[in-house]
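>>> Let me see the structure of the following:
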Amino acid sequence: MVPTIGAALFIWSGFDNSLFNRSLLNSKVVLWLGKISYSAYLVHWPILAFYRYGYGEPSLGESVVILFTILLLAWLNWKFVEEKFRHLEVSRFKLFVNFILAPCLIVTLLSIFVIKTDGLGVRIGSTAYIERLSNVENYPISANKYDYICQFWRIEEKHFNNPDCVLGSNKQTTVLLWGDSNATHYIGLIGSIARKQNWSFRNIAHAGCPPIFYGISNFVEGKRLDDCGSSLSLIKTKISNYKTIFVSASYDHYSRKHSNFLTNFEKTILMLAENRHKIFIIGKAPVFNKFDRNCFAKSLSYIGVNCFAVEQSYKTEIEGINLRLSIFANKYPNIKYLDFNSEICAGNSCSPYKDGRPIYFDNSHIEISSSWALGESLTVPKLEFFNE
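Numbering: from 1, shown residues only. As a prediction, the model looks like this:
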């Protein structure tokens, strides 16, 4: 209704000779913008789409440059394409062949060519480009593609009976890694420690669902609430089978939904601790909202892309949450706090890259093979905390 009413008001204002109509609506600038507006509509989207693909969201200064680029290209398109062909007189047959059939055929053939060359297009003939691309291309696999990772939208009885969900030789383990996807991305780190120290653990994760037993409706979308509630109800009946529990979550994400998340989380941990469970709380890994796992490949085509210039997001918030969880854990003998951020951060600087390669899958999740690699480089004291 807003743009419709606005358009109606502009039309209505043209019926008189008011100062507004004479000074603004009939000004040369406005009339010029009106002329090129359709061409601007045509060219603005590919410019913005290609820019965002390579460089991300433009800053204010970049937006101004993009705006003037759009206006320039729109004027050129209006003058040499729109005006030229708008007044062209041709037969219906030529109109169909030259301006409908031929363009459709060209676009179709170009599309097939790009698809068949796996996106390389005309660069298929450049062996140098293909070699450079193969050296930097990233092929991360999402966590739920691994057979041994048991992360689902809804946890069911069969997942607790699935031996593939257990890492280590002892399939009757009493150790559990539990949480959401931010617990899952620690599988390699925990798995490496378990392998070195000869113990096993089961992993169970409910995506987008916090590991708490209180007030979940504040933290879960309505369409996911039933799956989350069902998963947590089942876990509550099974968790007594596990003496040691590793737990982690996207604490900051849920805290932004409602301020009492950490209170509910700590309440859940205390309930487990009072029932003689031994708990490892794993802290939140750094978040990098502008991280792009395909950045190296894009840098071959985009000038000036610096993949390593990625700042940490929510730094103060996440550090505050981790500090609170650490202080909370230190109050109780059977609750411990762990985090692996020293492997991601050096001093005050954190990065989603290590040894020149990306270790993150997306802005907030460590890639699983990188999680294993980080775990292999860890030197961790023997965890005498376990009692299998």
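
>>> how about the helices in the stretch 101-250 of the chain?
Secondary structure of the stretch 101-250 of the chain (DSSP state H, counting those that start in this stretch): helices at 102-116, 127-136, 157-161, 181-184, 187-197, 222-238.

>>> which one of these is the most hemmed in?
Ranked by mean neighbour count, the helices of the stretch 101-250 of the chain are led by helix 181-184 with a mean of 24 (mean count of other Cβ atoms under 10 Å). To be clear about C-beta, it is placed using only N, CA and C from the backbone, and glycine gets the same treatment.

>>> how much space is there between the residue lying closest to residue 160 once chain neighbours are set aside and residue 165?
Nearest residue to residue 160, sequence neighbours excluded (Cβ to Cβ, 6 or more residues apart in numbering): residue 238, at 5.4 Å. Using Cβ to Cβ, to the nearest Å, residue 238 is found at 12 Å from residue 165.

>>> what do you get for residue 154?
15 Å.

>>> the more surrounded of these two?
Between residue 154 and residue 165, residue 165 has the larger neighbour count (other Cβ atoms under 10 Å), namely 23 against 16.

>>> residues contacting the closest residue to residue 120 other than its chain neighbours?
If the residues on either side of it in the chain are set aside, residue 120 comes closest to residue 130, at 7.0 Å by Cβ to Cβ, 6+ apart. If you count contacts by Cβ atoms under 8 Å, 6 or more residues apart in numbering, residue 130 has them with 120, 123, 124.

>>> Looking at those residues, spot the one nearest residue 147.
residue 120 (32.0 Å; Cβ to Cβ).

>>> Can you get me a residue count around that closest one?
So residue 120, with other Cβ under 10 Å, has 15 neighbours.

>>> Start the count at 833 instead of 1 going forward.
Got it, first residue is 833 now, which makes that one residue 952.

>>> I'd like to know how many residues surround the residue nearest to residue 1133 when sequence neighbours are not counted.
Distance criterion Cβ to Cβ, 6+ apart; nearest residue to residue 1133, sequence neighbours excluded, is residue 886 at 7.2 Å. A count of neighbours around residue 886, defined by other Cβ under 10 Å, yields 16.

>>> what's the closest of the helices of the stretch 933-1082 of the chain to residue 1133?
helix 959-968 (9.0 Å).

>>> from the chain's centre, how far out does that closest one sit?
Computed by Cα atoms, centre = their mean, to the nearest Å, the chain-centroid distance of helix 959-968 equals 26 Å.

>>> Restrict that helix to CA atoms and write it as CSV.
C-alpha atoms of helix 959-968 as CSV (Å, rounded to 0.1, in the frame of the first residue of the first chain):
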residue,chain,number,x,y,z
THR,A,959,45.2,-24.2,-17.4
ALA,A,960,47.0,-21.6,-15.2
TYR,A,961,43.7,-20.4,-13.8
ILE,A,962,42.4,-24.0,-13.2
GLU,A,963,45.7,-24.9,-11.5
ARG,A,964,45.5,-21.9,-9.2
LEU,A,965,41.8,-22.6,-8.5
SER,A,966,42.6,-26.3,-7.5
ASN,A,967,45.2,-25.0,-5.1
VAL,A,968,42.8,-22.7,-3.2
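
>>> and that helix, what's its mean pLDDT?
Mean pLDDT, computed over helix 959-968, is 90.

>>> From residue 1015, how far out is the residue nearest to residue 983 when sequence neighbours are not counted?
Leaving aside its sequence neighbours, residue 983 sits nearest to residue 1037 (Cβ to Cβ, 6+ apart; 3.9 Å). Per Cβ to Cβ, residue 1037 is found 5 Å from residue 1015.

>>> Overlap of the contact sets of the two?
Common neighbours of residue 1037 and residue 1015 (Cβ under 8 Å, 6+ apart) are residue 1009.

>>> so residue 1110 touches residue 1077, yeah?
Yes. With contact defined as Cβ atoms under 8 Å, residue 1110 counts as touching residue 1077 (7.3 Å).

>>> Among the two, which residue is more densely surrounded?
Under the criterion of other Cβ under 10 Å, the comparison of residue 1110 against residue 1077 puts residue 1077 first, with 22 against 19.

>>> what about the more buried one, distance to residue 1161?
13 Å.

>>> list residues touching both of those two?
With Cβ under 8 Å, 6+ apart, residue 1077 and residue 1161 have common neighbours residue 1111.
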